[in-house]
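Q: Take this sequence and fold it.
(2 chains)
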Amino acid sequence: MQKAELLQGNDACVRGALAAGCRFFAGYPITPASEIAHGMARELPPLDGTFIQMEDEIASMGAVIGASLAGAKAMTGTSGPGFSLMQEHISYASIAEVPCVIIDVMRGGPSTGVPTHLAQGDVMQARWGAHGDHPMIVLAPSSVEECFRLTVEAFNLSEKYRTPVVILTDEVIAHMREKVILPSADEIKIFDRRKPTQPPEWFVPYRDPGTGVPPMPAFGEGYRYHVSGLVHDEMGYPTTRADEVDPFIQRLFHKISRDFDKLQWGEEYYTDDSTLDIVAFGSVARAAQRAVKQARERGMKVGLLKLQVLYPFMRRKVTKLMRNSPTILVPEINMGQISREVKRVNQGKCKVETLNKVAHETMTPQEILDKIGEIYA
Amino acid sequence: MPNGRHIIYDYLRTTKRFPHMWCPGCGLGTFLGAFLRAVDKSGYTKDQIVLISGIGCSGRISTYADFNTLHTTHGRALTFATGIKLTKPGLKVIVIMGDGDATAIGGNHFIHAARRNLDITAIVINNSVYGMTGGQVSPETPLDVRTTTSPYGNVESPFDICKLAEAAGAAFVARSTVYHVKLMERLIGRAIDRKGFDVLEIISQCPVQYGRRVGLKSPVEMLQWQKDHAVTQEKARGMSEEDLKDKIRIGALVDNEAPTYQEKLDAMKQSFKGVE
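A: Numbering: from 1, shown residues only, chains lettered A, B, ... in the order given. Have a look, this model is predicted:
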């Protein structure tokens, strides 16, 4: 039986990463993500892992990609301004298909913004911040326990699909302390990247084995292959041929979208008979959960869908709500980012209400309850 | 060259579609030949070597050579190298960059990699210009030179890459020109053999984007310029400051022994074992 612990979200991310097998961390100091670096700097060297504080966030992502190519599970942690600097290499990890995990503890922006108060303004940056057309997996925990669990899953997904995975937390989730009982090592499922089984002379590094995800040897294992940020052919060499470029980019997207149904991770509360549903994520989902309970006590049929995967956007679960509820409410601590996705998949089926707060303070259950009352009035 | 077969053919990729993409008269081909011969002498196997490059004409070198190869982003090759070296210290990590790559966009990474004294060989191929993008001014373009982005003459002073590397803490700093091909090969070999952060500056020629803008009309004239302007360390000692003003010092300029990052890390990890 594991012991109960009092942990903050950032600590839980560290514990989750270590449990998933992460043995390399490169980062640059920034609040409110500092505790992730502190934890990694403390925990990794005794595990024979590597912690390095790089000269900036661009360098941190470069080192993370290098470590992953050499065979390590690797991660970095940052906040909005640093996340912007990392985008160049997130794009690289995407095209070169290098597994890695990036935690962005969102804080008030734009720019240096309101350090280091709460915000959820990096949703679109997480999805579209990197240049070029690329797929992206973005996870969003809303509790300390989820910080642990989703960090483990972020590594699993990055290893499974050979792709960068972003974990979006926010200042409240990162610094909030909760009692948690973390699972023991044998209760955690770990996925390691597939390696080639054929001898090196038979190895074609970027040939689709049927899953969309080519096996990945580490540097130094005898498979001398070429890794590049240029669009490449099956051998890894640069190509501009339309008949090679098109299937390559298609495969990058398809390797993730083919498992779209498996990535509908969310929790539903009171959605069976609801006539108004809330779609929320991160710390706002916690306030929304309370607001839903209070609304129910007042006889209002309100439900909640808490998103744990932001991208690929969980259209299956969201559109299911839309079939039953005439109204969807999307509260967020930004000017409306996930609500854009909800509106996109809605296609006029129901009314999408928004509740936006940009004072960079916690959204309270009362604020959401007031909005629910307004919609009901 | 046993049986008339050139050594480079043992190291060039047979799976890559040749010819290479460099212009006629470019110094990169001469460099690549010297590099592969130096690797051959080093005793490292192909599997042990990770060859990392940045972006630009020099960035394409990694595509052609049969090692573990990594073509990274512009200026950031050393950051990838850092992650690889720290994860697999047994691999020989060699980074090839251009002058814009290493000293403009990658300047910060360059000085910090040198400061850490990571066990990495960093080769900067300096052709004084951004070749691939159309001949723009670089941090290595001499004062007053007209390029596509300094049409009225360059008003910025260039870096001395070797002095920069030395000041930042590189253990070994050396310079050669492409003309001095034997010296270049020897210095590459020395850098590969050494531990610590080694910087090797190679003065190269870009006839297409640079030479014709400075009145050097052919690759041969550019190589002649290299020959005329390079002075060895021994020769430089007997020359006055005035005579050395427009000269390029070649040879090993700095050769220090200092504990590497890995050695310090190993010592730290050893202390954990003591605690247990």
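
Q: any idea which element the residue of the stretch 151-276 of chain B found nearest chain A lies in?
A: Relative to chain A, the nearest point of the stretch 151-276 of chain B is residue B:272 (5.0 Å; C-beta to the nearest C-beta). For the C-beta atoms, the positions are set from N, CA and C on the backbone; glycine is no exception. Following DSSP states H and E, one finds residue B:272 within helix B:261-275.

Q: Find the residue closest to the residue of the stretch 151-276 of chain B closest to chain A in space, skipping its chain neighbours.
A: residue A:46 (5.0 Å; C-beta to C-beta, 6 or more residues apart in numbering or on different chains).

Q: For that neighbour, which three-state class applies?
A: Assigned by DSSP: H, G, I helix; E, B strand; the rest coil, the conformation of residue A:46 is helix.

Q: what are the ranges of the helices in the stretch 51-200 of chain A?
A: In the stretch 51-200 of chain A, the helices defined using DSSP state H, counting those that start in this stretch lie at A:57-69, A:80-96, A:123-128, A:144-161, A:171-175.

Q: winner for burial among those?
A: helix A:57-69 (a mean of 31; mean count of other C-beta atoms under 10 Å in any protein chain shown).

Q: now check it, is it near chain B?
A: Yes - using C-beta under 8 Å from any C-beta of the partner chain, we find that helix A:57-69 touches chain B at A:58, A:59, A:60, A:61, A:62, A:63, A:64, A:65, A:66, A:67, A:68, A:69.

Q: Next up, the contacts around the fourth one.
A: With contacts defined as C-beta atoms under 8 Å, 6 or more residues apart in numbering or on different chains, the neighbours of residue A:61 are A:26, A:76, A:85, A:86, A:88, A:89, A:90, A:92, A:93, A:100, A:102, B:79.

Q: could you redo the last one with a cut-off of 7 Å?
A: A:76, A:86, A:89, A:90 (C-beta atoms under 7 Å, 6 or more residues apart in numbering or on different chains).

Q: for chain A, what are the nearby residues on chain B?
A: For chain B, the residues in contact with chain A (C-beta under 7 Å from any C-beta of the partner chain) are B:15-17, B:46-47, B:50, B:62-63, B:66-73, B:76, B:79-84, B:86-88, B:91, B:108-109, B:112, B:268-269, B:272.

Q: So residue B:22 lies in a strand, does it not?
A: No - using three-state DSSP, the assignment for residue B:22 is coil, not a strand.

Q: Okay, now the unreliable bits of the chain?
A: With no chain named, the answer covers chain A. A:1 (pLDDT under 70).

Q: you looked at the wrong chain, it should be chain B
A: B:1-3, B:274-276.

Q: any chance you could map the helices in it?
A: With helices called from DSSP state H, chain B shows them at B:28-42, B:61-64, B:77-87, B:99-100, B:107-116, B:161-168, B:181-193, B:219-229, B:233-237, B:241-244, B:261-275.

Q: In JSON lines, list the ones you listed along with distance to residue B:209.
A: Output for the helices of chain B, formatted as JSON lines (distance: least, C-beta to C-beta, whole Å):
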{"stretch": "helix B:28-42", "distance to residue B:209": "13"}
{"stretch": "helix B:61-64", "distance to residue B:209": "18"}
{"stretch": "helix B:77-87", "distance to residue B:209": "21"}
{"stretch": "helix B:99-100", "distance to residue B:209": "12"}
{"stretch": "helix B:107-116", "distance to residue B:209": "21"}
{"stretch": "helix B:161-168", "distance to residue B:209": "19"}
{"stretch": "helix B:181-193", "distance to residue B:209": "22"}
{"stretch": "helix B:219-229", "distance to residue B:209": "12"}
{"stretch": "helix B:233-237", "distance to residue B:209": "30"}
{"stretch": "helix B:241-244", "distance to residue B:209": "28"}
{"stretch": "helix B:261-275", "distance to residue B:209": "36"}
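
Q: and the ones you listed as a markdown table, adding mean neighbour count and distance to residue B:137?
A: Formatted as a markdown table, these follow (neighbours: other C-beta atoms under 10 Å in any protein chain shown; distance: least, C-beta to C-beta, whole Å):
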| stretch | mean neighbour count | distance to residue B:137 |
| --- | --- | --- |
| helix B:28-42 | 21 | 20 |
| helix B:61-64 | 24 | 23 |
| helix B:77-87 | 30 | 22 |
| helix B:99-100 | 29 | 9 |
| helix B:107-116 | 22 | 15 |
| helix B:161-168 | 20 | 16 |
| helix B:181-193 | 20 | 26 |
| helix B:219-229 | 17 | 18 |
| helix B:233-237 | 12 | 28 |
| helix B:241-244 | 9 | 25 |
| helix B:261-275 | 12 | 34 |
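
Q: between those, which one is nearest to residue B:154?
A: helix B:99-100 (13.5 Å; C-beta to C-beta).

Q: Now do that closest one: everything it contacts.
A: Counting by C-beta under 7 Å, 6+ apart, B:56, B:124, B:126, B:127, B:128, B:130, B:138, B:139, B:140 sit against helix B:99-100.

Q: Stretch A:286-302 now?
A: Under C-beta under 7 Å, 6+ apart, the answer for stretch A:286-302 is A:142, A:269-270, A:273-276, A:278, A:280, A:303-304, A:331, A:363-365, A:368-369, A:372, A:376.

Q: Which ChimeraX command selects the buried ones in those residues?
A: In ChimeraX syntax, the buried subset of the contacts of stretch A:286-302 is picked out as below (16 or more other C-beta atoms under 10 Å in any protein chain shown):
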select /A:142,269,270,274,276,278,280,303,304,331,363,365,368,369,372
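
Q: Which secondary structure elements does the strand of greatest length in chain A sit against?
A: Using DSSP state E to define each element, chain A has its longest strand at strand A:100-108. With contacts taken as 3 or more C-beta pairs under 7 Å, 6 or more residues apart in numbering or on different chains; DSSP states H and E, strand A:100-108 sits against helix A:9-20, helix A:57-69, strand A:73-78, helix A:80-96, strand A:114-118, helix A:144-161, strand A:164-170, helix A:171-175.

Q: Okay, now the sheet partners of the fifth one, with direction.
A: The one in question is strand A:114-118. strand A:100-108 (antiparallel) (DSSP bridges).

Q: next one: the strand it pairs with to chain centre, how far?
A: 8 Å (C-alpha atoms, centre = their mean, to the nearest Å).

Q: Measure how it sits relative to helix A:9-20, angle-wise.
A: For strand A:100-108 against helix A:9-20, the angle by axes from the mean of the first three to the mean of the last three C-alpha atoms, to 10 degrees is 170 degrees.

Q: Need the CA coordinates for strand A:100-108. PDB is fine.
A: C-alpha atoms of strand A:100-108 as PDB (Å, rounded to 0.1, in the frame of the first residue of the first chain):
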ATOM      1  CA  CYS A 100       9.800  14.100 -25.700                       C
ATOM      2  CA  VAL A 101       7.600  15.800 -23.100                       C
ATOM      3  CA  ILE A 102       7.200  19.500 -22.600                       C
ATOM      4  CA  ILE A 103       5.400  20.900 -19.500                       C
ATOM      5  CA  ASP A 104       4.100  24.400 -19.900                       C
ATOM      6  CA  VAL A 105       2.800  25.800 -16.600                       C
ATOM      7  CA  MET A 106       0.700  28.600 -17.900                       C
ATOM      8  CA  ARG A 107       0.900  32.100 -16.400                       C
ATOM      9  CA  GLY A 108      -0.600  35.400 -17.200                       C
END
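
Q: If anything else comes up later, I'll come back, but that's it for now.
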